[in-house]
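Undergrad: Next input, structure requested:
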Amino acid sequence: MKRVRVVVCDDSLFMRAALKRVLQGDARIEVVGEARDGAEAIARVAELRPDVVTMDFNMPVLDGASAVRAIMRQRPTPVVMISAHTTDGARETIEALAAGAVDFLAKPSGEVSADFARLAPALVAKVLGAAEATMPPPSVPEPAPRAPTPSPRFVASSPGAPTRVVVIGVSTGGPGALARFLPALPRDAPFGLLIVQHMPGGFTQALAERLDAICAVCVREARAGDRPQPGLALIAPGDHHLEVAPDGTLAITDGPEVNGVRPSVDVTMRTAAGAWGRRVTGVVMTGMGRDGAEGLLAIKRGGGATLAQDRDSCVVFGMPRVAIELGAADRVVPLDGLAGALLHR
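TA: Predicted coordinates for the structure are as follows:
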């Protein structure tokens, strides 16, 4: 059996030892190297050619996001960030994901040294999942800089639902994919957007802020009582389901996980199909697992249009693959073609 080769990067000897102990406790994983800072991580990747890197953000010499960018320029390798469950930690994580990291694991809130024995199943799953990621060729461009919001962006004031609503489901590789897809939409996009990105609580606010800074459409976290509007993208809050009531208003709920996740794409898509029928377009993008496949099928059966991201442009071709195999996708579209497909359907 070929084992997944991992380099662990953290400035704390204790944390590196904890990560190594957990990962090597799984027979499918081999830790082949360690790094104390971002610069050393870049050197270890070039030297050892691992399958996956685990990376802390706050390190001496070179921080995690800068190290990720350098790795993606030189030898693209799946990176799993080990993130602090704080506001600053969330922003740093989103920056690293935008730089090319494929996933992250949040440390328990309030613990300086995370109990990795308790986090072992999640850590192992994320490393094994990252090993399946499709990485881009070297020399990816630098992320777009943050800029002042242009004035004022178009958001309809009508209390009713727009003519069309687009519901997007995405997971592993999602922040990077959204950062390419959403800026391609004009500020007067003729539909409202609901986005379900698998994330824990506290991280989707940082994601919304970063996307809002680089997009013409407005992007923010969804709130109870919201209604979709043209030119507005609403992101499901982390660790909560986003549901659509029969009258088209949004509800934020904390019901049980669906498909092992919360928020669940299936929950949002099924309720959107029930509220809006043929006015809904469903899109399933890069991610592990099967969340979104049944929801996309519900939209199709309700008369709505359905799209799935293609294999070649996905970081992980899991969710779209299941949706396609289920017969839920009307069209399979590359990432850079999704905006055009939605605008010109």
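Undergrad: State the pLDDT value of the nearest residue to residue 11 once chain neighbours are set aside.
TA: For residue 11, ignoring the flanking residues on the chain, the nearest one in space by CB to CB, 6 or more residues apart in numbering is residue 59 at 4.6 Å. The way it works is simple: take the backbone N, C-alpha and C, and place the C-beta from them, glycine included. Per-residue confidence (pLDDT) for residue 59: 87.
Undergrad: quick one, what contacts residue 59?
TA: By CB atoms under 8 Å, 6 or more residues apart in numbering, the contact list for residue 59 reads 9, 10, 11, 36, 37, 38, 67.
Undergrad: Next: residue 221.
TA: Counting by CB under 8 Å, 6+ apart, residue 221 has contacts 204, 205, 208, 234, 235, 236, 237.
Undergrad: Just the ones of these in strands?
TA: Counting by DSSP state E, the members of those that fall within strands are 234, 235.
Undergrad: Tell me which two of the contacts of residue 221 sit farthest apart.
TA: Spatially, the most separated pair among the contacts of residue 221 is 205 and 234, at 12.3 Å (CB to CB).
Undergrad: higher neighbour count, these two?
TA: residue 234 (22 against 19; other CB atoms under 10 Å).
Undergrad: what about the closest residue to the more buried one other than its chain neighbours, neighbour count?
TA: Among residues not flanking residue 234 along the chain, residue 222 sits closest, at 3.9 Å (CB to CB, 6+ apart). Other residues lying near residue 222 total 25 when counted by other CB under 10 Å.
Undergrad: my guess is residue 222 contacts residue 233, does it?
TA: No: between residue 222 and residue 233 no contact is recorded; they are 9.5 Å apart, counting by CB atoms under 8 Å.
Undergrad: Spit out the residues that contact these two alike.
TA: residue 194.
Undergrad: Distance check, residue 48 against residue 38.
TA: With the distance defined as CB to CB, to the nearest Å, residue 48 ends up 16 Å from residue 38.
Undergrad: What are the boundaries of the helices in the stretch 1-150 of the chain?
TA: Defined through DSSP state H, counting those that start in this stretch, the helices belonging to the stretch 1-150 of the chain, from first to last, are 13-24, 38-48, 64-74, 87-99, 120-130.
Undergrad: so which of those helices comes closest to residue 163?
TA: Closest to residue 163 of these, according to CB to CB: helix 87-99, at 31.6 Å.
Undergrad: Let me see the confidence value for residue 150.
TA: So residue 150 comes in at 43 (pLDDT).
Undergrad: same deal with the one 10 residues further on?
TA: Per-residue pLDDT puts residue 160 at 52.
Undergrad: before we move on, the earlier item: will you turn the helices of the stretch 1-150 of the chain into TSV that also has mean pLDDT and distance to residue 344?
TA: Written out in TSV, the entries for the helices of the stretch 1-150 of the chain read as follows (pLDDT from 0 to 100; distance: least, CB to CB, whole Å):
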stretch	mean pLDDT	distance to residue 344
helix 13-24	91	46
helix 38-48	96	41
helix 64-74	94	32
helix 87-99	88	27
helix 120-130	93	34
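Undergrad: Using CSV, please lay out the ones you listed together with distance to residue 282 and mean neighbour count.
TA: Shown next, in CSV, are the helices of the stretch 1-150 of the chain (distance: least, CB to CB, whole Å; neighbours: other CB atoms under 10 Å):
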stretch, distance to residue 282, mean neighbour count
helix 13-24, 36, 17
helix 38-48, 38, 19
helix 64-74, 30, 22
helix 87-99, 24, 22
helix 120-130, 23, 19
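Undergrad: closest to residue 244 out of those?
TA: Go through the helices of the stretch 1-150 of the chain one by one with CB to CB and the one that ends up closest to residue 244 is helix 87-99, at 25.9 Å.
Undergrad: So what touches the closest one?
TA: In this structure, residues lying in contact with helix 87-99 by CB under 8 Å, 6+ apart are 55, 57-58, 63-66, 68-69, 72, 79, 81, 83-84, 104, 106-107, 143, 175-176, 179, 202-203, 205-207, 209-210.
Undergrad: Filter those residues down to the buried ones, PyMOL style.
TA: For anyone working in PyMOL, the buried entries among the contacts of helix 87-99, judged by 16 or more other CB atoms under 10 Å, can be selected with:
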select buried, resi 55+57+63+64+65+66+68+69+72+79+81+83+84+104+106+107+143+175+176+179+202+203+205+206+207+209+210
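Undergrad: what sits against the closest residue to residue 47 other than its chain neighbours?
TA: Counting by CB to CB, 6+ apart, the nearest residue to residue 47 once its immediate chain neighbours are dropped is residue 33, at 7.6 Å. Shown here is residue 33, whose contacts under the criterion CB under 8 Å, 6+ apart are 7, 8, 44, 47, 48, 50.
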